[in-house]
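Undergrad: Requesting a structural model of the entry that follows:
(one chain, ligands or ions: 1)
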Amino acid sequence: MPFSSLLLYLSLLLLPAASTSCTSGPPFRGKGLQLDKTSLSFDFIVVGAGNAGAVVAARLSEDPCVRVLLLEEGNYSQDSGQDSTSTHQNWIAEQIITPRRDYRTWALPALTHQLSTEANPAVNNRSGILLGPVVTGKALGGSTVVNIGAYTRPEPAYFNRWGIKNWSGDETEAYFHKQEDHEDPHPEYGKGGPVHVEHGDAQTVYPYLHQASLSMDPPLRSNSAGRLSYGVPQVYRVIENGRRVDAYTAYLRPVVAERNDNLVMRTGARVARVLFDKNKRATGVVYTVAESGDVDSSTGINRNDPRLGSRGREAAARVTLHAHATREVVLCAGVFFTPHILLKSGVGPAAELEALGVPVVANVSGVGKHLLARTNVLFFYGNGSVVPEMNPFVLRDPATTEMYDLEHRGPYSLGALGIYSVVKGRYPGDDDYILFMTDVIPEVAPRMVALGCANLRVHGPGGQVLLDPTDPLGAKHPRIQLNMAAAEEDRRALRHCLRDVRDMMAEPIMTTNGFYEIFPTHRLVEDTDKALDRWISRGYTFYSWHATSTARMGDVLDDRMRVQGGVQGLRVVDASAVPDMIEAGPMATLFMLGERAADLIKEDYRENT
Ligand SMILES: Cc1cc2nc3c(=O)[nH]c(=O)nc-3n(C[C@H](O)[C@H](O)[C@H](O)COP(=O)(O)OP(=O)(O)OC[C@H]3O[C@@H](n4cnc5c(N)ncnc54)[C@H](O)[C@@H]3O)c2cc1C
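TA: Sure thing, here's the model as predicted:
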């Protein structure tokens, strides 16, 4: 850790504890709050309890004088099964807890928003992605409850390239240290923070790949968690004692356990828009919650009326509520929903909003623009004589389930990725790229391993998030244009990676152990640019779940994450705020973003009180 980051990190530890003598009365006691009241007042409202939102809400609530309302559309968390006799709730909680459930949970509407996307020209005009709709998490913990759990960090130089005050490599490094509880005692990693990071057990094919990456000439050099080394290191994961570590368990569960007086969490609450006063100050939000019973108490509509249709029934089954913020509203609803809420609230490109009849509060042209989406492409290999620990016999053996249920050990305690590394271009002029390894779906294809390539950076114009013209202010999902792999530079990086994968798999350690390309094979896809481009466009190519930048700093936001355009009291803290595609998986950086943002917000309100 550089000396300047170390000083900053130590100063974070020495920050004075918040005083309990509050200027505006005694410390808040929120436990008796009646959340079914139609209107409530708080200092801060945080929208979305995800990767970054959970951090912001937990850190703001450290000051007992501050009242925080956290609104989350999802209903579940790892603790949903507690105090519950509902087998369904218990089952959902188990799906979140078990690291190796990942791709099964993606299809559960209880845990994911499932979004369709528009035709993507560079990927054979596919809409959606190859593996189904685009998903993001919907729960206390957001996308960290369904993601693959690979904990990877960009190098500090990446943050320096942002060129944004408050966000240099040294400053961000100190916050990575604050958040981490790393099992690796390396001085570049943090210890004692809320996010537990460990290697987990190696998947059986990993050591072969690592050896092959080292014996290549020149060998691969890569960064997985902020540190450059030779070969492809085994990926770090957010798993502790065989259970998933997510944003809820790391940040919110301790608050609930110790001091939930001033943090009120409302689940099942979908925020529709932000409210503003005449000075463009954000004063609160409008949100809806599901209401039980047959008749909607606010409209008198009977939900069983067959004329309503399914969407109408859903809308009629929700009650509209208001919540007020005396200090700030912080949007943390993720890369698709944060710009959606901003646009519905009248913050966005004025001409586009006016054309759809949306009253304009602030003309901020960048809202929803510049969506950066990473592209994944796979090659599939048979793993010959190497028996994977994930195979149908093992997975279906009751002893395996019992091993997990009783001791949280065994195959179900593993993540799906063995490798997730940022690989440096091997030859002058080669692009850097991301290389990953997964055992695909072991129950279906036990003898197959996938080597995946992703573009590290996204060039080109990017995609966008737009209002749906048929229902601009309604609850419908936004229109999403991913526009993946649009730039030649992105496809070139993917080609470099695919060629390196083939070189690595041709190393003697792989061939002598029976690894061979199953699909697409050299016969179908030669190593020429044309053939590889065709595979990228028409082959096993899909969205990486890593989109960013739809309300980015330096454009929609200032360097303290405040929305521009004359708006006050409104910030964005999530993947939308990141100015450029994160040069790693986003999760670690978004924890850091939440940590850094919480301190910026605290500094600002301490200055103003
Ligand atoms: C399937 C999958 C696999 C992934 N694998 C990895 C990985 O292995 N490693 C990695 O680093 N990254 C991974 N990622 C990416 C990473 O998890 C996300 O980029 C990151 O968690 C996004 O964080 P966020 O804070 O921007 O939003 P989220 O964590 O998505 O949180 C947004 C929250 O806001 C809520 N919300 C949305 N709209 C509203 C509304 N109107 N009102 C109230 N609440 C609302 C949502 O329900 C959600 O809980 C993966 C993502 C997915 C989906």
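Undergrad: Could you say which helix or strand holds the residue of the chain found nearest the ligand?
TA: Closest residue of the chain to the ligand, CB to the nearest ligand atom: G50 (1.8 Å). Just so you know, the C-beta spots here come from the backbone N, C-alpha and C atoms, and that holds for glycine as well. Taking DSSP states H and E as the definition, G50 sits outside all helices and strands.
Undergrad: shift numbering so it begins at 46
TA: Will do, 46 is the new start, and the previous item becomes G95.
Undergrad: Kindly provide the distance from the spatially closest residue to it that is not a sequence neighbour to E117.
TA: Of all residues not flanking G95 in the chain, G187 sits nearest, at 2.1 Å (CB to CB, 6 or more residues apart in numbering). In this view, G187 and E117 are 8 Å apart by CB to CB, to the nearest Å.
Undergrad: just checking, H241 is part of a strand?
TA: Yes. Assigned with DSSP: H, G, I helix; E, B strand; the rest coil, H241 falls within a strand.
Undergrad: In contact with it, which residues are there?
TA: H241 makes contacts with D226, E228, V283, I284, E285, V290, A295, as judged by CB atoms under 8 Å, 6 or more residues apart in numbering.
Undergrad: 10 Å - rerun?
TA: Residues near H241 by CB atoms under 10 Å, 6 or more residues apart in numbering: 196, 225-228, 282-286, 288, 290, 294-295.
Undergrad: same deal with H255?
TA: Counting by CB under 10 Å, 6+ apart, H255 touches A247, L265, Y275, G276, V277, P278, Q279, G463, I464, M482, I554.
Undergrad: do the same with V422
TA: Taking CB under 10 Å, 6+ apart as the definition, contacts of V422 comprise 168, 496-500, 530, 536, 539-540, 542-543, 546, 577, 580-582, 584-587, 589.
Undergrad: partner residues bridging it?
TA: C498, T586 (DSSP bridges).
Undergrad: Relative to T446, how far out is it?
TA: Distance of V422 to T446, computed by CB to CB: 34 Å.
Undergrad: cool, and L366?
TA: Taking CB to CB as the measure, L366 falls 42 Å from T446.
Undergrad: residues near the residue nearest to I525 when sequence neighbours are not counted, how many?
TA: Excluding the flanking residues, the one nearest I525 by CB to CB, 6+ apart is T162, at 4.5 Å. For T162, the neighbour count with other CB atoms under 10 Å is 22.
Undergrad: Please apply the same query to the one 4 residues further on.
TA: Around P166 sit 14 other residues, with neighbours defined as other CB under 10 Å.
Undergrad: pLDDT value on it, please?
TA: You'll see P166 listed with a pLDDT of 91.
Undergrad: Buried ones in whatever helix or strand R641 lives in, by neighbour count?
TA: Element membership for R641 (DSSP H and E) is helix 631-652. The neighbour-count check on helix 631-652 (16 or more other CB atoms under 10 Å) flags 631-643, 645-647 as buried.
Undergrad: pLDDT on it, on average?
TA: The average pLDDT within helix 631-652 is 96.
Undergrad: send the alpha carbons of it over as PDB?
TA: C-alpha atoms of helix 631-652 as PDB (Å, rounded to 0.1, in the frame of the first residue of the first chain):
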ATOM      1  CA  PRO A 631     -17.600  -4.200 -10.400                       C
ATOM      2  CA  MET A 632     -18.500  -5.500  -7.000                       C
ATOM      3  CA  ALA A 633     -15.400  -4.600  -5.000                       C
ATOM      4  CA  THR A 634     -15.300  -1.200  -6.600                       C
ATOM      5  CA  LEU A 635     -19.000  -0.600  -5.800                       C
ATOM      6  CA  PHE A 636     -18.400  -1.400  -2.100                       C
ATOM      7  CA  MET A 637     -15.600   1.100  -2.200                       C
ATOM      8  CA  LEU A 638     -17.800   3.700  -4.000                       C
ATOM      9  CA  GLY A 639     -20.400   3.300  -1.200                       C
ATOM     10  CA  GLU A 640     -17.700   3.700   1.500                       C
ATOM     11  CA  ARG A 641     -16.200   6.800  -0.200                       C
ATOM     12  CA  ALA A 642     -19.600   8.400  -0.900                       C
ATOM     13  CA  ALA A 643     -20.800   7.900   2.700                       C
ATOM     14  CA  ASP A 644     -17.700   9.900   3.900                       C
ATOM     15  CA  LEU A 645     -18.300  12.600   1.300                       C
ATOM     16  CA  ILE A 646     -21.900  12.900   2.400                       C
ATOM     17  CA  LYS A 647     -21.000  13.000   6.100                       C
ATOM     18  CA  GLU A 648     -18.300  15.700   5.400                       C
ATOM     19  CA  ASP A 649     -20.900  17.800   3.600                       C
ATOM     20  CA  TYR A 650     -23.600  17.600   6.200                       C
ATOM     21  CA  ARG A 651     -21.200  18.200   9.100                       C
ATOM     22  CA  GLU A 652     -20.000  21.300   7.300                       C
END
